[in-house]
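Peer 1: kindly return the folded structure for what I paste below:
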Amino acid sequence: MSDGLEPGIECAGAAQAINDMLCSSYGGYIHLFERWPLDEDAAFTTLRAKGGFLVSASLRSGTIQNVTIVSEAGLEVTLFSPWGTRIAVLDAATQQPVDRVQPGSVEGTFTWATTKGTEYTVFKQPKSAKS
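Peer 2: Purely as a prediction, here's the structure:
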């Protein structure tokens with residue numbers, strides 16, 4: 001029985017609602033800050049996403065940055081790009097680009113194969129000199 005001083009089960013729903021505002025993974029892809037006001041800075045670390053992924057990211061001055069995804073299961077990941085069509089993915093340990101990052105089945109998403117235990121850094125791909 002609760003003494004009124006500690007949060008009970010009713011707080012679990014509120015925490016889940018906030019987590020979903022920061023990082024959701026319904027529909028088969030990961031979406032960052034989908035329901036968070038873009039004019040309010042926020043950050044989160046290692047929120048769980050479907051498929052065995054731990055996701056971290058921050059939102060500063062309306063820009064999503066510092067995105068990392070750790071693959072716990074080695075499954076394919078699909079991310080809704082917060083930067084449109086310019087996305088880059090690096091293996092965080094080697095700093096090498098990930099091969100075969102492909103547009104996903106939903107417009108604005110990108111998919112790539114992951115390796116179990118690997119951390120990926122995801123960011124807006126800089127414009128090339130030719131652009």
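
Peer 1: buried set for the one helix or strand in the chain whose mean pLDDT sits lowest?
Peer 2: Least confident helix or strand, the chain: helix 10-22 with a mean of 78, by mean pLDDT, DSSP states H and E. Residues 20, 22 are the ones in helix 10-22 that count as buried (16 or more other CB atoms under 10 Å). Where C-beta positions appear, they are placed from N, C-alpha and C, glycine not excepted.

Peer 1: state the next helix or strand along the chain beyond that helix.
Peer 2: Sequence-wise, the next helix or strand downstream of helix 10-22 (DSSP states H and E) is strand 23-24.

Peer 1: let me know the next secondary structure element after that next one.
Peer 2: Where DSSP H and E defines the elements, the next helix or strand beyond strand 23-24 is strand 31-32.

Peer 1: can you give the strand pairings for that next one, parallel or anti for each?
Peer 2: strand 23-24 (antiparallel) (DSSP bridges).
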